[in-house]
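>>> any chance you can model this:
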Amino acid sequence: LTSSAFLDGGMIPSDYTSQGEDISPPLQWLNVPDGTESLVLIMDDPDAPDPAKPKITWVHWVVVNISPSVAGFTITEDLSDVGSLGDEAIEGKNSWKTVGYRGPSPPIGKHRYFFKLYALDSFLDVDGNSPPTKKQVESAMEGHVLGEAVLIGLYEKEEDLSRRLNGKRF
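Now for the predicted structure:
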């Protein structure tokens, strides 16, 4: 799992955050395991709200039933047309209780954002009329994961970075 926008462990450009256009970054993947029937993508932030004292994992994006024939995507606006990820692809709910991608917007400090791609041996049985949550997706995935890949991006709001670089405390 890679992105042309940032390296693994690198900084996520602001275009893909709440300080920019808040669009999903381009993602690519290779070597999907044999027997894969669908892919799941989850993006979350385990450092919320403060990386010095994390309390929750904040979910930014959930997409299920991505076709294994898709090798990635480049988004220029938003992912409202998930048809490009296969006829069965469905976006789930994020921690804002909305459907779709919401980019990094850390309240304080530099956060890690995990993009996790799972290869499954089946389609997930999710109700398309009720977008699934990360918890529901992870429960449905149990016993069906053939492989996974992780890409980690970092982000810190510009004003926090400026304060830190100038030696000012929060």
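
>>> W96 is in contact with R102, isn't it?
Yes - distance between W96 and R102: 5.6 Å, which falls inside the contact criterion (Cβ atoms under 8 Å). To be clear about C-beta, it is placed using only N, CA and C from the backbone, and glycine gets the same treatment.

>>> so these two - more neighbours on which side?
When W96 and R102 are compared on other Cβ atoms under 10 Å, the one with more neighbours turns out to be R102, at 19 against 12.

>>> may I ask which helix or strand encompasses that one?
Element membership for R102, per DSSP states H and E: none, as it lies in no helix or strand.

>>> if I look at it, how far off is N65?
Note on R102: its distance to N65, by Cβ to Cβ, to the nearest Å, is 20 Å.

>>> can you pull out the helices in the chain?
Secondary structure of the chain, counting by DSSP state H: helices at 134-141, 158-165.

>>> tally of neighbours for the residue lying closest to D87 once chain neighbours are set aside?
Using Cβ to Cβ, 6 or more residues apart in numbering and skipping the chain neighbours, the partner closest in space to D87 is S67 (7.5 Å). The burial count assigned to S67 is 17, neighbours taken as other Cβ under 10 Å.

>>> now swap in L7 and tell me
Using other Cβ under 10 Å, the number of residues around L7 comes to 12.

>>> one more: the one 10 residues further on?
Counted with other Cβ under 10 Å, residues neighbouring T17 total 23.

>>> ok, now which ones touch it?
For T17, the contact set (Cβ atoms under 8 Å, 6 or more residues apart in numbering) comprises G103, P104, S105, Y155.

>>> which stretches of this protein aren't confidently modelled?
Under the criterion pLDDT under 70, the flagged ranges of the chain are 74-86, 127-129, 160-170.

>>> how about the strands in it?
Remark: strands assigned in the chain by DSSP state E are 10-11, 27-28, 38-48, 56-66, 72-73, 90-91, 111-120, 145-155.
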